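1. this one's sequence-less:
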């Protein structure tokens, strides 16, 4: 079995596409991991900012979570409508572009791309944070572990979407089961203990309050908490992957995902307050994630704790998979409109858009390396892209309903309008409160990518315009070319090249550069070696031109000679026959001069449209 | 001024060679730096092994140095004879090859190459050690400093030999002057103090004796001390660089170098004993080189100390320069005999053998990185190569005199015979006493390089045999080729390729692969676009062949089709016309599919001698 097949599976034909489609249960792991996994770092990101408030800070997590859940509800109803209106896949890019125009579409697309890169980086980093909570000795290897996991995900995704669904189903439902069990036991214990349960292993005592709660701090905490909502758009973006009835199954999948997410967010906030669990600092020894602290407090450090941590690890790490489905799709859509290189539109051997997968893996690896794999440092970059895409998508839906008109549409327009306004406000809050910590990076990246996209499109437009031709083949002014054969001496390669040249044209010039390092005796022998045999058979006679080169340069004099020839014959094509030695073994490559290849490269680089290169290969058997 | 000119100087013509020749004073820095610089690490290497003996160990440095100086004398007289016998450049390689045969020559050449690489590595490392002695805070940056210095030397050498002579003259004579001054003052003070001078700043007290002196320890110390002799062969190897009278000037240069070296070695040994200077451990804080300790003891830490250290630093670092002259020369000589790739024989823009310089820079950088830039760790690898080359060269000279015959020759044979035996014994001592510490690396490298050289020669022999042709051009069986034009659609590039194809042959096949991702409508339009215009002008009519590809692969079906065509026409050449988009800006390269280039590469790699590639360029103006 070839290595590629072993790693990525056998190639899939285009006609096999139908079998790659999803139902609700298989759709949740594919499109829900991002949203569900967010529960692991969203509340923690909010709590980390509350550390300076001490015990009092823990109590603020409940109102902040309520605000996040409320916003989540608004977004949920908005995206239900998007799914219905765009069953063919309503990514923020498509919705914004169709309804608000090109620029808004590209802006939404860019925001999505940035968001997906961060989903991968944050997902992997948070997963490794969970692992480090359980096995503190691994803390020094955080970054290496992150990159290893990223590599594995990339390989799995290059195999294609169906396989990934099967791989991720079990951990997803294990994660939901474990967390709901922990939170359920916690709730039960709290009720039994009249609101003040005793932790099995108590969490570290919160620091004494260093400052009082201010509106600004709570706003920043809310902005961090909003990262729990990222990934909600995945279902509407990728809805083409669902089987029929597509809208119904997609909506059911979305409802399931949001429902579980609300339960998790509410449960985590409630349990934190009841058990007085506060966040710990990720850059200090003894760091544990909030979910690890909660689980320890509720069930202790038994086998169930480790099962839960493993499920969190798996889900957080595999969350990145949502992006590996979404990112290449967005890239493909944008590339089909000519704003990204065409290669993003071509599917690889396994029906996946391989180029998008490679780009995503590269960018998220870069982010992980730059931020050393620490979730807390990545969070400030995160929510901007996601909420910008939300806003543009919802605003686009408003325009959509406005155009559609009718009684039903007014109701829908209201829902999406509320969604657009709420998410727009959130964007402003996130940018303002996270600017210094890292949101500025996103704010630089988005216009940068936009600029690149427009440049790509401009290039394609110009190239298409330049190459387009509605006319039939022009058959006038066809002359056989002047053939130049640069030679180094008299051998079988030279002979082969000359023979091939003789079949192409009647004007053949053999060109030799003579340097003091390389003796030359061809001028004397040319008559017997070439001229006489050619004349005897009635063939055109190739002429020999020898040039002396004092600086031992061979290539440049040859290039100059060919250019001169081209200028002297402004109506003729020049064909340069370059004998090419092909070695049997790769290392033999270094044993022979690569003058031919260098010459060809230099000739092609010059803007001389009438110079054509002919490679005549000689396959060395030695 | 182009960047290359700025960095490396203007190109030199072959005729400018004469002006690159040297006299005695300018020859010493070029060919003597290696030998003279050795004084800085040879005695130190011997002393380092004596550390466990405590104060008693210091006294052994005098007899050990006397043994080294005696050996040096033998080698000196031997090489004087080599210079006279081989005024055209008597490298160990040439002498051994001419007199002892191919294998001995290659062995000597290999030994020399290994030696030169170590000269560079040890020279740079020891130079930085001197710097670190004066400025201890730099100790953590040892490796980076080594690599930086290596880069600078490489650049200087790519400029050519004359320039380097001028650059290195001042530091060489400064070094000789400073060291002789320090040793002279030391001698004077010792005599005035009746053998027991008081150090201005006393060296650290030697450790108490941990063991007694044994013959084995003294032998190992001697072997280390022999590294002080490396580089003595440089004059005889490069004697072509001297001006006439060549033999006389070369011999005078050698005498000067050896004379100064003997003075330095004797002086260092004497001063060490008088001032009780012992070596310090290079891997411990507070490390200082022996020369730094001696200078501190004799003159204190004043401006003269720093001047001396700077001169040692410069000479040791520039010592590497000897190898940058010698290594490319050895490579060229071996390459001219066909045992190394031909590229080592071609001189670059500045009349230097650039490939040898690059290889040497790369190998010595690798050694420095592997051994972290610590001289002491490199020493065990060192003397093997140098003394093996000495031995083979002297043995070759014995054979030379034997063949020459006569009274004078017997005397000469005796001198070279003593040299050969003495250096052979030293090789055995060095290998035996340094095997575990690193000599084994050299002992693996030498046969490895030998094997590679023989493989290279075998390949060249076979290739020459395969390509050689004494016959005139064969003019029978010339048919015009079948031309295949792979096309993606109808545009100006396709038209240009077809037009060029029409000038080459009457059989033209346009080949299109149709995938589900790329629509195709060319079959319907071919008649009007191509067939009718061709027929009307009386031209051959290109046929269109369309292939459906279910797996979206385009390249491989094209390759397969061309191979099939080749098999169907066993007596015809195939010419594949590949339209090639050439972008104006390098980053535009990534915007277009590179199918043409990939196709060409795959077609060339296959061992199909009748498939020729024709690149028709389209220079995109967009």
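-> Received it, and whenever you're ready, just let me know what you need. Here the structure is a predicted model, which is why all the values come from computation and not from measurement.

2. where's the residue nearest in space to the middle of chain A, which helix or strand?
-> The residue lying closest to the centre of chain A (CA atoms, centre = their mean) is residue A:360, at 2.1 Å. Applying DSSP states H and E as the criterion places residue A:360 in helix A:354-370.

3. got it, and residue A:510?
-> In the assignment (DSSP H and E), residue A:510 maps to strand A:508-514.

4. May I have the strands that pair with that strand, each with its orientation?
-> Strand A:508-514 has these partner strands in its sheet, going by DSSP bridges: strand A:482-486 (parallel), strand A:543-548 (parallel).

5. wait, which of these is closest to residue B:215?
-> With distances scored as CB to CB, the stretch of those nearest to residue B:215 is strand A:543-548 (65.8 Å). C-beta here means a position set from N, CA and C on the backbone, and glycine is covered the same way.

6. Tell me the buried residues in that closest one?
-> Within strand A:543-548, the residues that count as buried by 16 or more other CB atoms under 10 Å in any protein chain shown are residue A:544.

7. quick one: that strand to chain centroid distance?
-> Its chain's C-alpha centre and that of strand A:543-548 lie 54 Å apart, by CA atoms, centre = their mean, to the nearest Å.

8. near chain B at all, the helix or strand just after it?
-> Downstream of strand A:543-548, the first helix or strand assigned by DSSP H and E is helix A:555-568. No - residues of helix A:555-568 are not located near chain B by CB under 8 Å from any CB of the partner chain, the shortest gap being 10.5 Å.

9. What is the burial count for the closest residue to residue A:211 other than its chain neighbours?
-> Leaving aside its sequence neighbours, residue A:211 sits nearest to residue A:52 (CB to CB, 6 or more residues apart in numbering or on different chains; 5.1 Å). Residue A:52 is flanked by 15 other residues according to other CB atoms under 10 Å in any protein chain shown.

10. Residue A:52 reaches residue A:213, doesn't it?
-> No - using CB atoms under 8 Å, residue A:52 makes no contact with residue A:213, being 9.4 Å away.

11. ok, for the residue of the stretch 301-450 of chain A found nearest chain B, nearest residue in space, not its chain neighbours?
-> Going by CB to the nearest CB, chain B is nearest to residue A:341 of the stretch 301-450 of chain A, at 5.0 Å. Leaving aside its sequence neighbours, residue A:341 sits nearest to residue B:591 (CB to CB, 6+ apart; 5.0 Å).

12. got it, and residue A:312?
-> Nearest one to residue A:312, counting by CB to CB, 6+ apart, is residue A:130 at 4.5 Å.

13. hey, where'd the strands end up in the stretch 501-622 of chain A?
-> In the stretch 501-622 of chain A, the strands defined using DSSP state E, counting those that start in this stretch lie at A:508-514, A:543-548, A:574-582, A:611-619.

14. got CSV for these, with mean pLDDT too?
-> Listed next are the strands of the stretch 501-622 of chain A as CSV, based on pLDDT from 0 to 100:
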stretch, mean pLDDT
strand A:508-514, 90
strand A:543-548, 89
strand A:574-582, 87
strand A:611-619, 88
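
15. any idea how far the helix or strand containing residue A:68 is from the chain center?
-> Element membership for residue A:68 (DSSP H and E) is helix A:55-85. Relative to its chain's centre, helix A:55-85 lies at 28 Å (CA atoms, centre = their mean).

16. other SSEs contacting that helix?
-> Helix A:55-85 sits against helix A:24-50, helix A:215-225, helix A:234-237, helix A:246-275, helix A:375-404, helix A:407-434, with contacts defined as 3 or more CB pairs under 8 Å, 6 or more residues apart in numbering or on different chains; DSSP states H and E.

17. Averaged pLDDT, that helix. What do you get?
-> What helix A:55-85 shows for mean pLDDT is 89.

18. and the angle for it with helix A:246-275?
-> For helix A:55-85 against helix A:246-275, the angle by axes from the mean of the first three to the mean of the last three CA atoms, to 10 degrees is 180 degrees.

19. how big is the angle separating the helix or strand just after helix A:55-85 from helix A:55-85?
-> Sequence-wise, the next helix or strand downstream of helix A:55-85 (DSSP H and E) is helix A:92-100. If you take the same axes, to 10 degrees, helix A:92-100 sits at 60 degrees to helix A:55-85.

20. Just the buried residues of the helix or strand following helix A:92-100, please?
-> Counting by DSSP H and E, the element after helix A:92-100 in chain order, helix or strand, is helix A:102-134. Neighbour-count burial for helix A:102-134, counted by 16+ other CB under 10 Å, picks out A:104-134.

21. try stretch A:274-292
-> So stretch A:274-292, judged by 16+ other CB under 10 Å, has buried residues A:274-280, A:282, A:287-292.

22. From the chain's centroid, how far away is the helix or strand harbouring residue A:175?
-> Assigned by DSSP H and E, residue A:175 falls within helix A:161-192. Computed by CA atoms, centre = their mean, the chain-centroid distance of helix A:161-192 equals 28 Å.
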